[in-house]
Structures are given as C-alpha cells and as structure tokens.
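Trainee: Sequence below, structure please.
(one chain, ligands or ions: 1)
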Amino acid sequence: MNIIALHGGLDTSRSRSFMEILERAALDGFMLLAEGRVPAVEAVLNVLEDSPNFNCGFGAVLNMDGEVELDASICDGETGRFAAVAAIRDVRHPVSVARRLLEETSQVVLAGDGALQFARQHGFPEENCISEEQLDAWRKARESLARGEKPAQNLYTGLAYHGDTVGCVVWDGKGLTAASSTGGCSLKLPGRVGDTPSLGGGVYATRLSAVVCTGIGESFVETLTAKFVDEKIAGGAHPQQAVELALRRLAELKGAEGGILAVDAQGRIGSAFNAGQFPVVVMEEGRVRRDFEPVNLRRALSAH
Ligand code: ASP
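Mentor: Numbers count the residues shown, from 1 in each chain. As a prediction, this is how the structure comes out:
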C-alpha cells in the first residue's frame with residue numbers, strides 16, 4: 001500500500017476548483033512514486049506552486065516591501081536527511097531547490113541571496129512569483145497602514161479568501177517523507193523565516209512518521225509541534241490522536257490556530273485543525289479516499 005496526503009493550507013477554500021487542483025497534485029505525485037518519495041512530494045508541491053490559488057510559488061503573499069520571499073523544505077524519514085530554502089526570491093519552485101540541496105550537498109538550510117545563487121547555479125530561471133491579485137491586496141493593505149488603520153485583508157493570506165502553506169506527506173510502504181512550501185505571512189518583515197524550514201517546528205519525518213503543519217509559523221517553531229506529533233506516534237499513539245493532542249497543546253501554549261497532517265509507518269493518517277477550513281486530500285494506491293475528512297477542533301478548543 002502507499003499513501004500520498006496533502007493539504008492546501010489553513011482556511012484555504014474547499015471549493016471544487018481548489019480540491020481539483022489538490023487531487024491533480026496528488027495524482028502527479030502518485031505517478032512519480034515509483035521513482036521515489038522525494039520526486040513524489042516535489043511533483044505534488046510543484047503543482048500547487050504553479051497555481052495562484054495557494055500561498056506558495058506563484059501567487060504567494062507579499063512581504064512588507066511588496067516582495068515574495070518563499071520558504072520550502074523536504075525531510076526524509078528513512079535517510080534522516082533534511083533540506084530547506086528560506087526567504088528565497090524569484091524562484092517559482094522552491095521545493096525543487098530544496099530537493100537539489102538535499103540530493104547534491106550535505107548542507108541543510110540556505111537562505112536569501114545564497115539560496116538564490118544556489119538556485120541559479122542549478123539552472124532555476126528567474127521567474128515572477130507576484131500575482132496581480134496579491135499585488136492589488138498588498139497595495140490596499142499598505143494604504144490602510146499609511147492611514148493608521150489595520151489592513152482589512154487577512155494578514156496571513158493578504159486576500160479576502162484564505163490560502164496558507166501547502167504540505168505533503170508520503171508513505172510508500174518502505175519509508176516516510178514530508179515536504180512543505182509557503183510564502184509565509186502577508187506583510188511579514190523582509191527576511192522573516194517561518195516554520196516551514198524549521199525542522200521539528202512545521203515539518204518533520206522519521207522512520208515512524210511524517211508530519212506537516214500550517215498556521216502562524218512562529219507558534220509552531222516555539223512549540224516544536226511537528227516533533228511533538230512524531231514523539232506521540234513513537235509512544236504508540238494513532239496519528240489522529242497525535243495530531244489532536246498537538247493541536248490542543250498549540251492552542252493552550254500559544255492560543256494559536258493551526259492545521260496538522262501526519263502519516264505513520266503503517267500508512268495510518270491523522271489530520272486536525274482549529275480554524276474555518278482545512279482542505280486535505282488523501283490518495284491511497286492512486287485513488288482519492290472520499291471517506292477521509294480532517295477533524296475540526298475549533299469549537300472544542302475555543303471552549304477552553
Ligand atoms: N506557516 C506559515 C508561516 O508562518 C504560514 C502558513 O501556514 O500560513 O510561514
């Protein structure tokens with residue numbers, strides 16, 4: 001059996017057009033699974049990086065200066081390898097740059113200009129990642145700030161609709177891999193790095209689990225939430241129980257919202273969130289599982 005599970009970000013739309021892109025991404029990943037888990041997660045995230053609907057690659061949110069700065073990472077539980085790029089500009093597929101770093105160097109994180117230089121040396125062309133919609137939202141937000149008003153847009157997406165970090169976990173019967181890609185938070189400070197390149201914060205994989213998270217990056221970094229999920233699974237918890245415990249802890253420690261997706265070495269899935277929406281697609285042996293829904297803990301957690 002094999003599993004490809006992916007999410008489109010916290011509070012991202014679950015409308016048909018969004019779900020169709022997620023399902024196509026899962027299928028692209030499945031087609032490459034015979035080549036390996038890393039090519040599969042890369043293929044999944046490349047589809048989402050190409051779509052303006054998700055906060056990654058083209059269409060990512062803009063920082064305070066009106067630039068797109070992207071974070072992406074891959075963690076392979078079987079080999080124990082991790083690689084990430086942080087605050088990289090003008091590259092449409094940062095997860096592919098992270099893959100090159102993973103496979104061709106022993107270094108784990110490249111940031112800013114160094115990451116860009118590495119990308120260019122490896123043939124990644126200069127590509128615009130700023131969509132018209134995000135630019136327009138950024139201009140309006142800056143105008144609000146100039147008037148001393150709080151921007152009406154969602155700070156994490158920059159738009160009226162939401163769209164956060166995307167992530168993918170894969171189990172191929174032999175091992176587990178996790179990967180994420182994001183534009184981070186709208187109006188972030190230039191150079192700000194979130195939880196996506198933070199091992200154990202927003203992403204983690206071992207021989208027992210693969211975990212990806214979305215939400216306010218700082219809260220995941222400060223609580224090492226992805227690692228917490230792995231520890232619970234290592235202690236015998238079902239992935240569903242592990243992600244729910246992690247979300248509860250995140251809400252208690254940081255009062256934060258989040259979405260978590262995990263798979264274990266038996267191919268069991270766990271997914272929970274405490275926000276409006278969290279689109280998740282689970283593909284088993286190339287077929288989308290229609291019976292799978294992430295658990296919304298928003299009401300349960302807000303009652304505390
Ligand atoms: N976790 C991302 C970050 O803070 C944002 C998100 O998931 O929406 O960089």
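Trainee: residue contacts, Leu48?
Mentor: Taking C-beta atoms under 8 Å, 6 or more residues apart in numbering, we find Leu48 in contact with 6, 8, 21-22, 25, 54, 56-57, 166, 181. For glycine as for every other residue, the C-beta is placed from the backbone atoms N, C-alpha and C.
Trainee: Same question for Leu10.
Mentor: Residues near Leu10 by C-beta under 8 Å, 6+ apart: 156, 162, 164-165, 214-215, 257-259, 273, 275, 277-278.
Trainee: Leu199 now?
Mentor: By C-beta under 8 Å, 6+ apart, the residues touching Leu199 are 73, 75, 82, 84, 108, 227.
Trainee: between these, which is nearest Pro39?
Mentor: Among the contacts of Leu199, Cys75 lies closest to Pro39 (C-beta to C-beta), at 15.0 Å.
Trainee: What distance do you get for that closest one to the ligand?
Mentor: As defined by C-beta to the nearest ligand atom, to the nearest Å, Cys75 lies at a distance of 15 Å from the ligand.
Trainee: So that residue is in contact with Ser180, correct?
Mentor: No - counting by C-beta atoms under 8 Å, Cys75 sits too far from Ser180 to count as a contact (9.0 Å).
Trainee: the more surrounded of these two?
Mentor: Applying other C-beta atoms under 10 Å to Cys75 and Ser180 shows that Ser180 carries more neighbours, namely 35 against 31.
Trainee: what's the distance between the closest residue to the more buried one other than its chain neighbours and the ligand?
Mentor: Excluding the flanking residues, the one nearest Ser180 by C-beta to C-beta, 6 or more residues apart in numbering is Gly167, at 4.1 Å. As judged by C-beta to the nearest ligand atom, Gly167 and the ligand stand 8 Å apart.
Trainee: Buried residues, stretch 25-38. List them.
Mentor: Using 16 or more other C-beta atoms under 10 Å as the test for burial, stretch 25-38 gives 25-30, 32-33, 36-38.
Trainee: ok, of these, which one's closest to Pro294?
Mentor: Nearest to Pro294 among the buried residues of stretch 25-38, with distances taken as C-beta to C-beta, is Ala26, at 15.0 Å.
Trainee: and the closest one, which of the three is it?
Mentor: Following DSSP: H, G, I helix; E, B strand; the rest coil, the label given to Ala26 is helix.
Trainee: In this structure the residue nearest to Ser180 contacts Ala178, no?
Mentor: Yes - using C-beta under 8 Å, Gly167 makes contact with Ala178 at a distance of 7.1 Å.
Trainee: From the contacts of Leu48, pick the one nearest Ala234.
Mentor: For the contacts of Leu48, the closest approach to Ala234 (C-beta to C-beta) belongs to Leu6, at 23.2 Å.
Trainee: helix or strand for that closest one, which one?
Mentor: Under the criterion of DSSP states H and E, Leu6 resides in strand 3-7.
Trainee: shared neighbours of Cys75 and Ser180, anything?
Mentor: Val203.
Trainee: Contact partners for Val44?
Mentor: 4, 6, 25-26, 28-29, 168, 179.
Trainee: Let me have these in TSV, extended by pLDDT.
Mentor: Shown next, in TSV, are the contacts of Val44 (pLDDT from 0 to 100):
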residue	pLDDT
Ile4	98
Leu6	98
Ala25	98
Ala26	98
Asp28	98
Gly29	98
Cys168	98
Ala179	98
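Trainee: Which one (most neighbours) among the contacts of Leu10?
Mentor: Thr165 (35 neighbours).
Trainee: any idea how far that one is from Ser198?
Mentor: As judged by C-beta to C-beta, to the nearest Å, Thr165 and Ser198 stand 12 Å apart.
Trainee: Name the residues contacting each of these two.
Mentor: Gly217.
Trainee: and the contacts of Leu48, which of them are in helices?
Mentor: 21-22, 25 (DSSP state H).
Trainee: what about Ala178, which SS state?
Mentor: From three-state DSSP, the assignment for Ala178 is strand.
Trainee: Distance from the chain centre to stretch 89-101, please.
Mentor: 14 Å (C-alpha atoms, centre = their mean, to the nearest Å).
Trainee: Make sure Val85 is actually in contact with Ala72.
Mentor: Yes - judged on C-beta under 8 Å, Val85 makes contact with Ala72 at a distance of 5.6 Å.
Trainee: okay, and the common contacts of these two?
Mentor: Taking C-beta under 8 Å, 6+ apart as the criterion, Val85 and Ala72 both touch 94, 97-98, 197.
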